[in-house]
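Undergrad: Pasted the sequence and its predicted model underneath.
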Amino acid sequence: MIADAGTAPPAPTPGGGAAPAGEPAPGKPTVEPTQACTDVGVHIAEVVIGSITDPAQKAALEQDRTKLVRRAAETCTIAKWNAAAQQCFLAAKDAPALETCGKSLAAPAE
């Protein structure tokens, strides 16, 4: 079946993405992460990358470190992680500790 023109994805631009350089991708919220959340994102990236033992996987994550930091910082900012959650992530020394912090965010409020 042929897709109709209204459902086709946007044509890539010379920069390689669907949106012009400097503009957010369609449907993605634009948010400037807080400094506190950026600090949390940096720490999360350090712990995650530091916990990888496979050299190829570690190298790939090192190349994507900036994206990993940004994604974590944006999530923290958008979800408005409280100070206790931020401190939990900042204190985490390994991936299981990060997972514990993440589970506490997902726990329903009582």
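TA: The structure has been received and is ready for your questions.

Undergrad: what's the average pLDDT for stretch 94-102?
TA: Mean per-residue pLDDT for stretch 94-102: 95.

Undergrad: whoops, I mixed them up, stretch 47-60
TA: 95.

Undergrad: which residues in this structure form strands?
TA: Taking DSSP state E, the chain contains no strands at all.

Undergrad: so where do the helices sit in it?
TA: Under the criterion DSSP state H, helices of the chain are mapped to 35-51, 55-63, 65-79, 83-91, 95-106.

Undergrad: Let's have the ones you listed in CSV, adding mean neighbour count.
TA: (Each C-beta comes from the backbone N, C-alpha and C, glycine too.) Below are the helices of the chain laid out as CSV (neighbours: other C-beta atoms under 10 Å):
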stretch, mean neighbour count
helix 35-51, 18
helix 55-63, 12
helix 65-79, 17
helix 83-91, 15
helix 95-106, 13
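
Undergrad: contacting residues around the residue nearest the centre of the chain?
TA: Nearest residue to the geometric centre of the chain (C-alpha atoms, centre = their mean): Arg71, 1.9 Å. With contacts defined as C-beta atoms under 8 Å, 6 or more residues apart in numbering, Arg71 is in contact with Gly41.
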